[in-house]
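> turn this into a structure:
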Amino acid sequence: MRYSRIIALAIVLATFVQGPYAYAGFGLELATLSVSDPSHPTRLGYVLLPGVVQNIEVAGHYAYVANANAGMRVVDVADPVNPNTRE
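The predicted model follows:
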């Protein structure tokens, strides 16, 4: 599922929800959130990317991120507390 909306003062340009996790693009940041209790989402971790996160698709343990002028980035999200880019 993808959603775009404004949360608090941060503009979320892209999101993807898979199971108990949501992945959200806040500018240069791809954040992982626990949504196991949808009324109280919890931020778990994040990774900074070289461009603005414009779209997110998740398959298995990898997030494929459209990253503005920086192209597509692959982020390993197997550990949602410590997501990291794959080179």
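
> and stretch 44-55, which residues are buried?
Neighbour-count burial for stretch 44-55 flags 44, 46, 47, 49, 52, 53, 55 (criterion: 16 or more other C-beta atoms under 10 Å). (Each C-beta comes from the backbone N, C-alpha and C, glycine too.)

> so which of those are in helices?
Applying DSSP state H to these, no entry is found in helices.

> columns pLDDT on top of these, output as TSV?
As requested, the buried residues of stretch 44-55 are exported to TSV (pLDDT from 0 to 100):
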residue	pLDDT
44	95
46	95
47	96
49	94
52	92
53	94
55	96
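
> sketch out the low-pLDDT regions of this protein for me.
Within the chain, the ranges that satisfy pLDDT under 70 run 1-10, 87.

> circling back: could you save the buried residues of stretch 44-55 as JSON lines and add columns showing distance to residue 19?
Formatted as JSON lines, the buried residues of stretch 44-55 follow (distance: C-beta to C-beta, whole Å):
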{"residue": "44", "distance to residue 19": "13"}
{"residue": "46", "distance to residue 19": "19"}
{"residue": "47", "distance to residue 19": "19"}
{"residue": "49", "distance to residue 19": "23"}
{"residue": "52", "distance to residue 19": "26"}
{"residue": "53", "distance to residue 19": "20"}
{"residue": "55", "distance to residue 19": "19"}
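
> strands along the chain, start to end?
In the chain, the segments counted as strands under DSSP state E are 5-7, 10-12, 14-18, 21-26, 29-34, 42-48, 53-59, 62-67, 72-76, 84-86.
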